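Participant: Give the three-dimensional model of this entry:
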Amino acid sequence: MKWLGHTTRFLFFTGKGGVGKTSISAAAAISLADAGKRVLLVSTDAASNLDEMLNVKMSNHPAPVPGVKGLDLINIDPDDAAQAYRQRVMDQMGEAATQDAKVTVLEQLSGACTTEIASFDEFSSLLAEDCSRYDHIVFDTAPSGHTLRLLSLPKAWSGFLAHHDQGASCLGPHSGLKMQEARFNQALAALSNPALTCVVLVARPETSALGEAARTSHELKALGLSNQRLIINGVFHASVSDDPVARAFELQGINALAHIPDALKALPKDEVPLRASDIVGLAALRALLSEQPSQTGTLSSPMQTMTAKRFGLLIDDLSKQDHGLIMVMGKGGVGKTTIAVALALGLLEKRKTVHLSTTDPAAHVAETLTEQVPGLRVSRIDPKVETRKYIEKIMAAKGPALTDDEKALLLEDLQSPCTEEVAVFHAFSHIVAQARNGFVVLDTAPTGHSLLLMDAAGAYHRQMMSTFEKQTGTSVNVVTPLMRLQDPDYTKIILVTLPEVTPVSQASALQEDLRRANIEPYAWVLNRSVLAAKTKDPLLVSRLQGEVKQMKRIHDGLSDNLFAIPFQAEPPVGVAALHVLLAR
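Facilitator: Presented below is the predicted three-dimensional model:
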């Protein structure tokens, strides 16, 4: 990691969920600050756990990190950003604006996409404005699909505003947006300048993580972000030759790195070894990028037995009904897609009608399934496809009653980048409704993106209820997507986690967010457990001690409906391997 001594001012860390972006970005920021640089560490992930990792409360204003001289931390909080954005737009209208005009603009700014765009606006300001007191700004980003969306927005909005200065969108009047066009252009210039910006692709030594890193690399280059590096995190070398679990871990990494995608071969590369304990606290973060080996230990007591229920029993529970929505949720990289596909296959075996879909921009369902399965319907909510269909639907419905000028104005509004978020929510609502007639198993995007979708469901619910009440003067018996999500007989939320402190904390936080929306998770699934594997490798034994703590933590109040899937020597990819998973 010596390249950190002469790196660019802006550093973006991205990659597949669960590969260690947050750990690596925080460790890099600490390393730069320890070297005497003034550093701002920025989280753009709505599900970030930097606060837990650094033991500091995050806010939307830079705050010093105790124990690291020269390092400040800021969190781009979506709700705070949205409120500040609304206020700026209203202030731009001035005192001459009528009350009706202000009400109209506020309604425009209550749309589902305002929260994400407001976050983007905050992000753009860090790139465009003069933050001269910082030598480096380090971004800990959301998983790849969401990050690509974020990084594409400066280009999308710059292009849109260059040709449209009339009308309005869910971001308010376009004339007001024109005032921010210079900031968007500055952000785009900074992102595409290799002397200013470097994107660090973080991956695990796993085929899927490297594949996603390769796809991300290609898409980022298409956006003009050509200065890239690759970090392989969690590289493991077995120290006990006759330990089958340790050998399986090692072989997975060796095989994945032997077939690294061509798009990554030309990038500068670093390897970070697997550490003996979870990366929490300044000492662990400083040690992460060092060349010193981890301190390992031995189990002081006999290996505890697995107290969670086997995964196959979850299928038995779910199949007691003939229909319903099963949403698989969790932090990126915990195995949501594998669990979702396995649940769909298990329900199909029970002779249920099953539709398997995904809201994840990364869309790994096809890669996990690998083949068509008779009787299983598989789909994907593709943002680009859904946006095109949504625009065509609106134009077909409203176009005949409009003049040519009005049609042009409507189409201009629909071509704004935020239309994509509205279109995705409409597609999601359609998928939710299909669970009335069979099972819908939904593989969701990583936590932060899924919560934005939940927020959209809440905003739509409030809008619908308000509209009906205004039209009728009384409450109306209408069923919204949020109401279906809140119905435990209709929707079962499955939270997936790994037996490590950060994924369990993230699952716990997600559970609390869902409960605030009156949505109660049905079950937890603990994935990739090696608790019962009886490994002798010192490094893995040290990690097992942490797993025992997390199992106890879950049982002591987080969930009383816990299912576990043991570590697999080979990733469960393909129908045959997934059927084996169902039997465990």
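
Participant: can you give me the helices for the stretch 301-450 of the chain?
Facilitator: 312-318, 336-349, 365-369, 383-398, 404-414, 419-434, 447-472 (DSSP state H, counting those that start in this stretch).

Participant: Quickly compare these and say which is most buried.
Facilitator: Of the helices of the stretch 301-450 of the chain, the one with the most neighbours on average (mean count of other CB atoms under 10 Å) is helix 336-349, at a mean of 25. No exception for glycine: its C-beta is placed from N, CA and C like everyone else's.

Participant: just to revisit the earlier point, now the helices of the stretch 301-450 of the chain in a markdown table, with distance to Asn527 and mean pLDDT?
Facilitator: Formatted as a markdown table, the helices of the stretch 301-450 of the chain follow (distance: least, CB to CB, whole Å; pLDDT from 0 to 100):
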| stretch | distance to Asn527 | mean pLDDT |
| --- | --- | --- |
| helix 312-318 | 12 | 93 |
| helix 336-349 | 7 | 91 |
| helix 365-369 | 13 | 78 |
| helix 383-398 | 27 | 86 |
| helix 404-414 | 40 | 78 |
| helix 419-434 | 24 | 82 |
| helix 447-472 | 15 | 57 |
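
Participant: now the strands: where do they sit in the stretch 101-250 of the chain?
Facilitator: Secondary structure of the stretch 101-250 of the chain (DSSP state E, counting those that start in this stretch): strands located at 136-140, 168-169, 172-173, 197-203, 228-235.

Participant: if we can go back for a sec, which one of the helices of the stretch 301-450 of the chain lies closest to Phe567?
Facilitator: With respect to Phe567, and counting by CB to CB, the nearest of those is helix 336-349 at 12.5 Å.

Participant: which sections of the stretch 51-200 of the chain are below the confidence cut-off?
Facilitator: Counting by pLDDT under 70, the stretch 51-200 of the chain contains low-confidence residues at 78, 92-94, 96, 101-117, 119-120, 128-130, 142-184.

Participant: if we go to 50?
Facilitator: Along the stretch 51-200 of the chain, the parts satisfying pLDDT under 50 run over 112, 166-176.

Participant: Please tabulate the strands of the stretch 101-250 of the chain in a markdown table, including the columns mean neighbour count.
Facilitator: A markdown table is the format used below for the strands of the stretch 101-250 of the chain (neighbours: other CB atoms under 10 Å):
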| stretch | mean neighbour count |
| --- | --- |
| strand 136-140 | 25 |
| strand 168-169 | 22 |
| strand 172-173 | 21 |
| strand 197-203 | 26 |
| strand 228-235 | 21 |
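
Participant: Using JSON lines, lay out those strands together with distance to Lys549.
Facilitator: Output for the strands of the stretch 101-250 of the chain, formatted as JSON lines (distance: least, CB to CB, whole Å):
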{"stretch": "strand 136-140", "distance to Lys549": "25"}
{"stretch": "strand 168-169", "distance to Lys549": "49"}
{"stretch": "strand 172-173", "distance to Lys549": "49"}
{"stretch": "strand 197-203", "distance to Lys549": "26"}
{"stretch": "strand 228-235", "distance to Lys549": "20"}
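
Participant: out of those, nearest to Arg9?
Facilitator: Among these, the nearest to Arg9 by CB to CB is strand 136-140 (5.8 Å).

Participant: Tyr85 is in contact with Ser125, isn't it?
Facilitator: No - the criterion here is CB atoms under 8 Å, and Tyr85 misses it with Ser125 at 10.8 Å.

Participant: ok, the two, which is more surrounded?
Facilitator: Shown here are Tyr85 and Ser125; by other CB atoms under 10 Å, Tyr85 has more neighbours (22 against 15).

Participant: For burial, what's the neighbour tally of the closest residue to that one other than its chain neighbours?
Facilitator: Computed as CB to CB, 6 or more residues apart in numbering, the closest residue to Tyr85 that is not its neighbour in sequence is Ala118, at 3.7 Å. Using other CB under 10 Å, Ala118 has 25 other residues around it.

Participant: All good on my end, thank you.
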